[in-house]
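*Asks:* what follows is a predicted structure for the sequence shown.
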Amino acid sequence: MVAPTVPALPTFVLVHGAFANSFSFAPLQRELALRGQRSLAVDLPGHGFGATFPLGYQAPQDAAALAGAAGLIKGVTLADNAAHLVGVLERVREHGPVVLVAHSRGGATVTAAANARPDLVDLLVYVSAWCPVDLPVGDYYGEPEMAGVEPAAFAPAVAGDPAALGVLRVNFRTAKPEALAAFRAAFGADLSDDELLGFLNTFQPDESLDAGTWDDRARAETWGTVPRAFVRLAEDASIPLAMQDRMIREADTLTPGNPTKVRTLPGSHLHWLVRPTGAAAVLTELAGG
């Protein structure tokens, strides 16, 4: 008797945002595993154990040393991130369907990867992630939907000159009240103090300066052929709901025959990662589980 063929389980490939890494997804991966789902969290180049943690970032902190130390992520581009992700997807795709999930700035990377290799992705999921269609990511910050986001809010925690360092360096271990208040407002107004500080301690201080150009916007003929979903975060202050909705509209205008599935979760930019039960349920549903 021939055993029935069991359909391959999809693999959720999770792509982090700025200053983050694969560690960010540990609670979500636990919840997915408890639902019988497979997942893989990616570290983009210069992230995770490939990140720079200068001695000046340790305690007691040395502000001058932190501001001047070289960072390994210098020169890393969006193209590097996309190429790395494509390499991961090529391996994962051998084992079954791929659900590619992006958060925040990770959306620029998954968009570029899907532009290059749409054949490697069965479903794209943006969780309050940048989905550049009409504009490059950086240009969206000048649009009305971002009027309530203060670009200089993190200034008290910025270390060194980004132009001189070749990286954007933020001191997430600062004790300055104004910096911590800015982090809370941007990332997790609905988190406890311990949850917020715990997450900040998983961040790395350096991020690449390259968030993409006009050439890295979504392309209808490649990216637009992949089914996609957008999970809105209702209280997100980093990418406000109005901007999330704008990106959904732009995507649907670009590919009217392939509309975005839209879901909404309560909470801030980081809430879904710290308390991931609802997110795991939504992702499982979107993947057909």
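*Replies:* Thanks, I have the structure now.

*Asks:* count of neighbours near residue 240?
*Replies:* 18 (other CB atoms under 10 Å). Yep, even glycine has a C-beta here, placed from its N, CA and C like the rest.

*Asks:* for it, what are its contacts?
*Replies:* Neighbouring residues of residue 240 by CB atoms under 8 Å, 6 or more residues apart in numbering: 145-146, 148-149.

*Asks:* go ahead and confirm residue 210 touches residue 74.
*Replies:* No: judged on CB atoms under 8 Å, residue 210 makes no contact with residue 74 at a distance of 10.6 Å.

*Asks:* neighbour count for the two, which is higher?
*Replies:* residue 210 (18 against 14).

*Asks:* can you pull the contacts of that one?
*Replies:* 76-78.

*Asks:* same check, this time on residue 269
*Replies:* Per CB under 8 Å, 6+ apart, neighbours of residue 269: 104, 128, 186-188, 233, 236-239.

*Asks:* all helices for the stretch 151-289 of the chain, in order.
*Replies:* Counting by DSSP state H, counting those that start in this stretch, the stretch 151-289 of the chain has helices at residues 162-165, 177-187, 193-200, 241-254, 271-274, 277-286.

*Asks:* deepest of those helices, which one?
*Replies:* Compared across those, helix 271-274 shows the largest average neighbour count, a mean of 23 (mean count of other CB atoms under 10 Å).

*Asks:* run through who's touching it.
*Replies:* 24-25, 27-28, 103, 127, 188, 190-191, 195, 198-199, 231, 233, 235, 265, 278-279.

*Asks:* could the helices of the stretch 151-289 of the chain go into TSV alongside mean pLDDT and distance to residue 48?
*Replies:* TSV is the format used below for the helices of the stretch 151-289 of the chain (pLDDT from 0 to 100; distance: least, CB to CB, whole Å):
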stretch	mean pLDDT	distance to residue 48
helix 162-165	96	20
helix 177-187	96	19
helix 193-200	97	15
helix 241-254	98	27
helix 271-274	98	15
helix 277-286	98	21
